[in-house]
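> Sequence below, structure please.
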Amino acid sequence: MNTTPNTTPGIFRRLDAEWAELCADPGVRGAVYGWLMADCLAVEVAAVTDSWVRALGPEQLLAALRPTESATGDALTDAVLRALLDRAAGHGRSAILAARIVVQAMVPAAVRITRGQIRPFGGRTLDDVGHMVIAALFEIARSGKVHRRPGRPAANLALDALRRILDDLAADREPRGSALNVAEDLADPLDPACACMVRCAAATAGLDETPAEEDLTTARLQLLELVLDAMDDGALSEADARAIAGHYRSNPAPLPDHDAARAAGTSVSTWQRRRSRAVARLKTATRSTAQPAA
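Here you go, the predicted structure:
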């Protein structure tokens, strides 16, 4: 079942292609049938999808998760989604599969959230934000915090995802490649002795790979000093500091996000969110340091 229109590119169309493969997997079909039977939802799902109970699979489960125009249908949708979220909060492959089905059910809402956060000029691309939304939905589904809350679980999922995306995007407002200009706001360049100390400390911490025979710009040295101070104060971890220092540089060129994410063993969207949050923490630490003592 295709859940997104043909005009929707990127991550959402890839999700649909993956969903078709899941629906054809006998193991997945058996797992879904077993869940519905165990949760005493099989008969009702079969009724609303006009299916035989023994033929129930991912397609029927997804259909039961779609909004309806009746109170009875809405109650079943909520019950099925709560049961899935309960399983998604568990462990093992079954929990991951349950969370994946929850994400597929939320694709229409994810598309709306994504399109609502795209700016006409600059900022993240549709696919970038789409990755962030899908990752947020998956993580929230796995958190075990949604299905116990009052209200409709789908609405709670969408609201939690939107809040997370707004927070992430707020921490990364500037255009890529020039998103961190706080260092350039410092009044004076570093004196030679201080510059040497900053460069040595940055190299020791793995924050800078510039060849020793090449000079660093004042802005680069000031950024490294800010990052080192934030590390000393506990505002940034070593991994966060390296993410910032490695991204906001000109020589050598920054490592592309997909390569950096692969090296870190994570997804591009997760890597971008991690760096955005690190930048926000650095800015907060810098403002706190810059404020005069009362």
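
> Tell me how far the spatially closest residue to residue 131 that is not a sequence neighbour lies from residue 109.
By the measure of CB to CB, 6 or more residues apart in numbering, the closest residue to residue 131 outside its immediate chain neighbours is residue 269, 3.4 Å from it. Backbone N, C-alpha and C define where each C-beta goes, glycine included. Counting by CB to CB, to the nearest Å, the gap from residue 269 to residue 109 is 17 Å.

> residues in contact with the residue nearest to residue 56 when sequence neighbours are not counted?
Once flanking residues are discounted, residue 56 sits nearest to residue 33: 5.1 Å by CB to CB, 6+ apart. Shown in contact with residue 33 (CB atoms under 8 Å, 6 or more residues apart in numbering): 42, 54, 56, 57.

> Of those - the most surrounded one?
Using other CB atoms under 10 Å as the neighbour criterion, residue 56 leads these with 24 neighbours.

> any residues touching the lengthiest helix in the chain, and which ones?
Looking only at the chain and at elements set by DSSP state H, the helix with the highest residue count is helix 268-290. Outside of helix 268-290, the residues within contact range by CB under 8 Å, 6+ apart are 128, 131-132, 134-135, 168-172, 179-180, 182, 226-227, 229-230, 233, 235-236, 239-241, 243-244, 247, 257-258, 260-261, 264, 266.

> In PyMOL, select just the buried ones from those.
Remark: buried members of these, expressed as a PyMOL selection using 16 or more other CB atoms under 10 Å:
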select buried, resi 128+131+132+134+135+168+169+171+172+179+180+182+226+227+229+230+235+236+240+241+243+244+247+257+260+261
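
> Which of the contacts of helix 268-290 fall in helices?
Those of those lying in helices (DSSP H): 128, 131-132, 134-135, 168-170, 226-227, 229-230, 239-241, 243-244, 247, 257-258, 260-261, 264.

> now whichever strand or helix holds residue 17 against helix 268-290, angle please.
Using DSSP states H and E, residue 17 sits within helix 11-24. Relative orientation of helix 11-24 versus helix 268-290 (axes from the mean of the first three to the mean of the last three CA atoms, to 10 degrees): 140 degrees.

> so where's the protein shaky on pLDDT?
1-9, 67-73, 119-124, 147, 150, 170-194, 212-213, 250-251, 287-294 (pLDDT under 70).

> Domains in it, by residue range?
Segmentation of the chain into domains, based on automatic domain parsing, reads 11-170, 182-290.

> Roughly how far does the residue nearest to residue 102 when sequence neighbours are not counted sit from residue 160?
Among residues not flanking residue 102 along the chain, residue 141 sits closest, at 4.3 Å (CB to CB, 6+ apart). Note on residue 141: its distance to residue 160, by CB to CB, is 10 Å.
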